[in-house]
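Novice: Kindly generate the corresponding structure for this input.
(one chain, ligands or ions: 1)
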Amino acid sequence: MRWNKTVTVIGAHAEGEVGRVLTGGVLNVPGNTTLEKMQYLQSNDELRQFVNREPRGCAQMTTNLLLPASAPEADAAFIPMQADGTHAMSGSNAMCVTTVLLETGMLPMQEPVTSVVLDSAAGLVKAKAQCKDGRVERVTLDFFPAFAEHLDVPLEVEGIGTLTVDVAFGGVYYVLPRVQELGFRIGPDVAQDMVSLGAQIKSAAQQQLAVRHPEVSAFDSIEFLMFTDDVDPKQSIFRNATIMPPGRVDRSPCGTGSAARLAVMHAKGQAQIGQEFEMRSTINSKFSASVLGTTTVGSRPAILPRLSGRAWIYATMQLGADPSDPFQLGYTLADTWGTEIEHIIPGC
Ligand SMILES: O=C(O)[C@H]1NCC[C@@H]1O
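Specialist: Below you'll find the model as predicted:
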């Protein structure tokens, strides 16, 4: 084998959502903070293309780049590289990263609980891993502040009409439509419908609803849509379906989306501090979610969300490229990568 590039990747998933962790082969990335490193990767996209595009990757996953922490109080930094680009934060991926750090021995594991501080481009995430017999059984994440930016605002969607939606920041900005208003319930049988409907609604929201993080000006666009469903509010059971570019459903209940939803619920008086909620995904996997406390972001009222879930390691792999490989940075095709992204097929 005569590869000209080799990276080591640990395959992991959190409640069904794949969050691979790139643990070796990338020494560091230019930038003084994890936010600057994320922005560097957004402008120099080769690594993400190499690991996420075919044949080395696929559209239905994230590859998290593991880096030394920039923040002195953090143990490690991670940057989620997804099918459409590199993002600031991800809850299911933070659970995968914490599990990989501890179960591969990159950080020492203490039983019954190990504390890990993760440095993300959206802020510090304090993780507590429940550990037993060398295994991480559950990861609880205390996020940075989440807040609602628009509550119950009208959104004109061609072919659908006027929807009432919320917009909130949970690590990335989400538009949160309600399935009750659209006449369906979240479930595996409507996954494809949610993808096409979600793309329409998100595009309308991006055009009609402005967002701008009061403290981080780089966060100024709605990146994801998450359908919200009230399974049984009396039992505090809710369902979420985040629609990810280029067109798929998050297999987890979505950590950043659940944080955004909690901020909206708290703003509407539907979530009290300390109240436990169960957030379910389209494949019925579960996160627990709660509001730890309140704060402000700029002049905006905000909450401190807590999410918890389980992650598992399922593979270790090395990815590489032979110098004669025509797909040094991979390729995408609209059959599975949709039409939202530009398709690069070397030689075509
Ligand atoms: O849990 C989360 O926040 C992630 N899951 C996929 C979409 C988000 O990055």
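Novice: Residue numbers of the stretch 1-150 of the chain in contact with the ligand?
Specialist: Glu17, Pro80, Ser90, Gly91, Ser92, Asn93 (C-beta under 6 Å from any ligand atom). (Glycine included, C-beta is placed from N, CA and C.)
Novice: For those, work out which two are farthest apart.
Specialist: Spanning the widest gap among these are Glu17 and Pro80, at 11.1 Å by C-beta to C-beta.
Novice: Show me what the top helix by length along the chain is packed up against.
Specialist: The longest helix of the chain (DSSP state H) is helix 191-208. Secondary-structure packing of helix 191-208 (3 or more C-beta pairs under 8 Å, 6 or more residues apart in numbering; DSSP states H and E): strand 147-157, strand 161-169, strand 173-176, strand 222-232, strand 237-244, strand 248-249.
Novice: What's the separation between Glu181 and the ligand?
Specialist: 23 Å (C-beta to the nearest ligand atom, to the nearest Å).
Novice: care to break this structure down by domain?
Specialist: 5-142+312-321, 147-308 (the TED database).
Novice: Among these, which comes closest to Gln328?
Specialist: domain 5-142+312-321 (5.1 Å).
Novice: how long is the closest one end to end?
Specialist: Domain 5-142+312-321 has an end-to-end distance of 6 Å (criterion: C-alpha to C-alpha, to the nearest Å).
Novice: what do you get for stretch 265-284?
Specialist: First residue to last in stretch 265-284 (C-alpha to C-alpha) measures 21 Å.
Novice: Just give me the neighbour total for the closest residue to Pro326 other than its chain neighbours.
Specialist: Closest residue to Pro326 apart from its sequence neighbours, by C-beta to C-beta, 6 or more residues apart in numbering: Pro346 at 5.4 Å. Residues lying near Pro346 (other C-beta atoms under 10 Å) number 11.
Novice: Tell me who's in contact with Pro346.
Specialist: Going by C-beta atoms under 8 Å, 6 or more residues apart in numbering, Pro346 touches Pro326, Phe327, Gln328, Tyr331.
Novice: Over to the third one. Which of the three states is it?
Specialist: Using DSSP: H, G, I helix; E, B strand; the rest coil, the three-state assignment for Gln328 comes out as coil.
Novice: now, the most widely separated pair of the contacts of Pro346?
Specialist: Within the contacts of Pro346, two members stand farthest from each other by C-beta to C-beta: Gln328 and Tyr331, at 10.1 Å.
Novice: Spell out for me which residue occupies the centre of the protein.
Specialist: Geometric centre of the chain, nearest residue: Ser90, 3.0 Å, by C-alpha atoms, centre = their mean.
Novice: which residues does it contact?
Specialist: If you count contacts by C-beta under 8 Å, 6+ apart, Ser90 has them with Gly19, Thr62, Asn64, Pro80, Gln82, Gly171, Val172, Gly255, Thr256.
Novice: Remind me which helix or strand the last one belongs to.
Specialist: Taking DSSP states H and E as the criterion, the element that holds Thr256 is helix 255-267.
Novice: Figure out how far that helix is from the centre of its chain.
Specialist: Relative to its chain's centre, helix 255-267 lies at 14 Å (C-alpha atoms, centre = their mean, to the nearest Å).
Novice: Can you list the strands that whichever helix or strand comes after that helix pairs with?
Specialist: From helix 255-267 onward toward the C-terminus, using DSSP H and E, the following helix or strand is strand 276-280. Strand pairing for strand 276-280, using DSSP bridges, gives strand 237-244 (parallel), strand 286-297 (antiparallel).
Novice: Show me what counts as buried in the shortest one.
Specialist: This means strand 237-244. Across strand 237-244, burial judged by 16 or more other C-beta atoms under 10 Å covers Phe238, Arg239, Asn240, Ala241, Thr242, Ile243, Met244.
Novice: got the residues you listed as CSV, with pLDDT columns?
Specialist: Below are the buried residues of strand 237-244 laid out as CSV (pLDDT from 0 to 100):
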residue, pLDDT
Phe238, 97
Arg239, 98
Asn240, 98
Ala241, 98
Thr242, 98
Ile243, 97
Met244, 93
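Novice: ok, those residues vs Leu155, which is closest?
Specialist: Ile243 (15.1 Å).
Novice: what residue ranges in the stretch 201-348 of the chain score low on pLDDT?
Specialist: 340 (pLDDT under 70).
Novice: and the end-to-end length of stretch 276-295?
Specialist: End-to-end distance of stretch 276-295: 19 Å, with C-alpha to C-alpha as the criterion.
Novice: what comes up buried for that stretch?
Specialist: Using 16+ other C-beta under 10 Å as the test for burial, stretch 276-295 gives 277-283, 285-291.
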